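Chemist: What would the 3D arrangement of this be:
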Amino acid sequence: MNSLEGKIAYITGGSKGIGLGVAKALLDKGMHVAITSRSQTSADQAAGILNQLGKGEAIGIGSDVRNPEQEKAAIEVCLKKFRKIDLVFANAGLGHFGSIEDLSFDQWNEVIDTNLKGVFHTLKSSLEALKQTEGYFMTLASLAGTNFFAGGSAYNASKFGLVGFTQAVMLDLRKYGIKTTTIMPGSVSTHFNNNEPSPDDAWKIQPEDIGQMVVDLLQMHQRTLPSKIEVRPTLPPSVQKA
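Modeler: Residues are numbered from 1 along each chain as shown. The predicted model follows:
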C-alpha cells in the first residue's frame, strides 16, 4: 500500500478522538473513509467536517459494534459506496473503572461487549472484503492490555483479551496476504473516560500521532509486519528534563 491514493478505510468509533485523528491522516493521503458511531447524527457530523479537510471522501455510518447485525449492515454500506475495503481500523471502545466490589454487571458487560466482542463482530463482517484486497486489519488496544492496575478489572480484561485476539488473528490471516497489527497506546489526549482535552494534555500522545503511525504502517513494505506496537508519551509529567 505504498500509494494510499484511492484506498478505502473502515474505522469504528471514528466520530471523535483517535478514530477521527486516524481518519484525518488517511484522508490527507488521498484515502476514502467510512467512519462509524453509535449515533448516525454524530457520524454524519464528523464526516461533514472531514470532507472539508482531506483529499479523499468520508461517509458516516451509524453502528453499534456490540450488535453483529449492525456491523454487518455497516460494512455493506461501505462496500456499496466504495466497492472495496483496504483497511479496517477497529477503534471503538470505552471504559468503566472501579473496584471489583463496585463494578456492576452492566458495566462489565458493556466494556467486554464493546472492546472485545465488538472487534470480533467488526472483523467477521469485513473479513471477506479484506481477503479480496489483501488488506490490513488494525486494532486499537492499550498499554492496559499488558499492564494491570487497581480498578481496571473490566478494562484490563477487555484489552488483554484484545491483544491476544489480534495476535492470534494475525497468525490466522497472513496466509491470505492480510496484515494485522494491534496498537497499544498509553495516555492519549481524547475525551476517553470523561477527559476534556486541553492545553494541559500537550504532554500526551495526540490523535494525529496515532494517525501518522497508521499511515506509516500502511506504507511499510509488504514483507515487514510490526504486529504489536507499544507507544507512550515521551515525557509524562512525572518525568523531569535533566
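Chemist: CA atoms for contacts and neighbours, from now on please.
Modeler: Fine.
Chemist: most residues in a single helix of this structure, which one?
Modeler: helix 153-173 (DSSP state H).
Chemist: by contact count, what packs against that helix?
Modeler: With contacts taken as 3 or more CA pairs under 8 Å, 6 or more residues apart in numbering; DSSP states H and E, helix 153-173 sits against helix 105-112, strand 179-185.
Chemist: just these: most buried one?
Modeler: With neighbours defined as mean count of other CA atoms under 10 Å, these peak in mean count at strand 179-185, which reaches a mean of 23.
Chemist: Any buried residues in the helix or strand just after that one, and which?
Modeler: Remark: after strand 179-185, the chain's next helix or strand is helix 207-219, criterion DSSP states H and E. Residues of helix 207-219 classed as buried: 207, 208, 210, 211, 212, 213, 214, 215, 217, 218 (neighbour count, 16 or more other CA atoms under 10 Å).
Chemist: Residue 219 versus the second one, what's the distance?
Modeler: Think residue 208. Using CA to CA, to the nearest Å, one gets 17 Å for the distance from residue 208 to residue 219.
Chemist: on that earlier part again, could you pull up the mean pLDDT of the longest helix of the chain?
Modeler: The average pLDDT within helix 153-173 is 98.
Chemist: got the angle for that helix vs helix 105-112?
Modeler: 30 degrees (axes from the mean of the first three to the mean of the last three CA atoms, to 10 degrees).
Chemist: and helix 153-173 with strand 179-185, angle?
Modeler: Going by the same axes, to 10 degrees, helix 153-173 makes 160 degrees with strand 179-185.
Chemist: Can you pull up the most central residue in the protein?
Modeler: Most central in the chain under CA atoms, centre = their mean is residue 91, positioned 2.2 Å from the mean C-alpha point.
Chemist: Next, the contact list for it, please.
Modeler: 11, 12, 13, 14, 18, 19, 139, 140 (CA atoms under 8 Å, 6 or more residues apart in numbering).
Chemist: Buried ones among those?
Modeler: Buried by 16+ other CA under 10 Å: 11, 12, 13, 14, 18, 19, 139, 140, out of the contacts of residue 91.
Chemist: Can you pick out the most distant pair from those residues?
Modeler: The span of these, defined through CA to CA, is set by 14 and 139 at 12.9 Å.
Chemist: now the buried residues of helix 207-219 as a markdown table including distance to residue 122 and pLDDT?
Modeler: Formatted as a markdown table, the buried residues of helix 207-219 follow (distance: CA to CA, whole Å; pLDDT from 0 to 100):
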| residue | distance to residue 122 | pLDDT |
| --- | --- | --- |
| 207 | 22 | 94 |
| 208 | 23 | 95 |
| 210 | 20 | 97 |
| 211 | 20 | 97 |
| 212 | 23 | 97 |
| 213 | 21 | 97 |
| 214 | 18 | 98 |
| 215 | 21 | 98 |
| 217 | 20 | 98 |
| 218 | 19 | 97 |
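Chemist: follow-up on the earlier one: now, the buried ones among the contacts of residue 91 that are in strands?
Modeler: Using DSSP state E, 11, 139, 140 are the members of those that sit in strands.
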